[in-house]
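Asker: After the sequence you'll find the predicted model.
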Amino acid sequence: MAEVLPRYPRTPHLPGSPGAASDDVWCDWARFVPEPGRAVVTTLKMDGANTTLHRGGMYGRSPTGRRRPRQSRMRAFAAAVCPSIPSGVRVCGEDLTVLHSIAYERELPPFVLFSVWVGDGCLPWDETLTWAATLGLVTVPVLARGPRPASPGELRGAFDQHTDTSRDEGFVVRDEQGFTRAEFADRVAKWVRAGHLESESHWAHWGIA
């Protein structure tokens, strides 16, 4: 029987995220990683295309999405990585092989990993790092790691200190431990700066190979 491949969950915005659109969803901070003493990992939000790699190939946010010419370089990269991914494991990250809304001036890897899923569960961050090393992949840059702060505003410090706040898109915070797909909205959230969409048209419509 063929493996059922799920759509990647929609990531809610943190309260106060200035880059949220009218149709975006919001994180309820009171429910976000509520366990006492639980740690969170804050990573740089890269301006790429959400992409999942698995034993049988790759897909964008949805496994039923149509193929686009711009995916050719990513598909070539995936062809070298996917045979090493065991059945039932999904490696999720950002495809950085084409220009999106932000023209990065620094050199980028073709793909940066941000989560690994086995079945319905997202693995803890330390296991994610192990998978990255095993597959020879780069993870998204870590800005901070530590106890869940009392307010989401406290997460901004690491972004302001370690990034180019006029160029980088924002940050993502996630539970350091593993969680299920059903818990996703209370375990992962993002903050996006205002005005990060700088291109005149959305990159997904560009005929870039």
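Answerer: Happy to help now that I have it.
Asker: gap between the worst-scoring helix or strand of the chain on mean pLDDT and the chain center?
Answerer: Every helix and strand of the chain was ranked by mean pLDDT, DSSP states H and E. The lowest is helix 156-162, at a mean of 84. Taking CA atoms, centre = their mean, to the nearest Å, one finds helix 156-162 lying 18 Å from the centre of the chain it belongs to.
Asker: Would you mind pulling up the elements that the helix or strand following it packs against?
Answerer: The first helix or strand that comes after helix 156-162 along the chain, using DSSP states H and E, is strand 170-175. For strand 170-175, the contact count by 3 or more CB pairs under 8 Å, 6 or more residues apart in numbering; DSSP states H and E identifies strand 39-45, helix 156-162, strand 188-192 as packing neighbours. C-beta: built from backbone N, CA, C; applies to glycine.
Asker: quick one: average pLDDT of strand 170-175?
Answerer: With pLDDT averaged residue by residue, strand 170-175 scores 95.
Asker: Report the buried residues of it.
Answerer: For strand 170-175, the buried set under the neighbour-count rule, 16 or more other CB atoms under 10 Å, comprises 170-175.
Asker: Could you export those residues as a markdown table, including distance to Phe114?
Answerer: Conversion of the buried residues of strand 170-175 to a markdown table gives the following (distance: CB to CB, whole Å):
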| residue | distance to Phe114 |
| --- | --- |
| Gly170 | 13 |
| Phe171 | 11 |
| Val172 | 7 |
| Val173 | 12 |
| Arg174 | 8 |
| Asp175 | 13 |
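Asker: for Pro163, what are its contacts?
Answerer: Slight slip there: residue 163 is Thr, not Pro. Counting by CB atoms under 8 Å, 6 or more residues apart in numbering, Thr163 makes contact with 44, 143, 171.
Asker: Asp47 contacts Glu169, doesn't it?
Answerer: Yes - taking contacts as CB atoms under 8 Å, Asp47 lies within contact range of Glu169: 4.8 Å.
Asker: what ranges do the helices span in the protein?
Answerer: Applying DSSP state H to the chain gives helices spanning 72-81, 125-135, 156-162.
Asker: can you give me the angle the first one makes with helix 125-135?
Answerer: Think helix 72-81. Comparing the axes of helix 72-81 and helix 125-135 via axes from the mean of the first three to the mean of the last three CA atoms, to 10 degrees yields an angle of 90 degrees.
Asker: residues in contact with stretch 173-184?
Answerer: Applying CB under 8 Å, 6+ apart, the set of residues contacting stretch 173-184 is 6, 9, 14, 33, 38-43, 115, 117, 120-127, 145, 152, 155, 187-191.
Asker: Give me the domain ranges for this protein.
Answerer: Following automatic domain parsing, one gets these domains for the chain: 10-46+141-196, 49-139.
Asker: Worst mean pLDDT among those domains?
Answerer: Per-segment confidence across the domains of the chain bottoms out at domain 49-139, which has a mean of 86 in mean pLDDT.
Asker: now the end-to-end length of that one.
Answerer: Using CA to CA, to the nearest Å, the span of domain 49-139 from its first residue to its last is 15 Å.
Asker: What of stretch 153-171?
Answerer: The straight-line separation of the ends of stretch 153-171 (CA to CA) is 12 Å.
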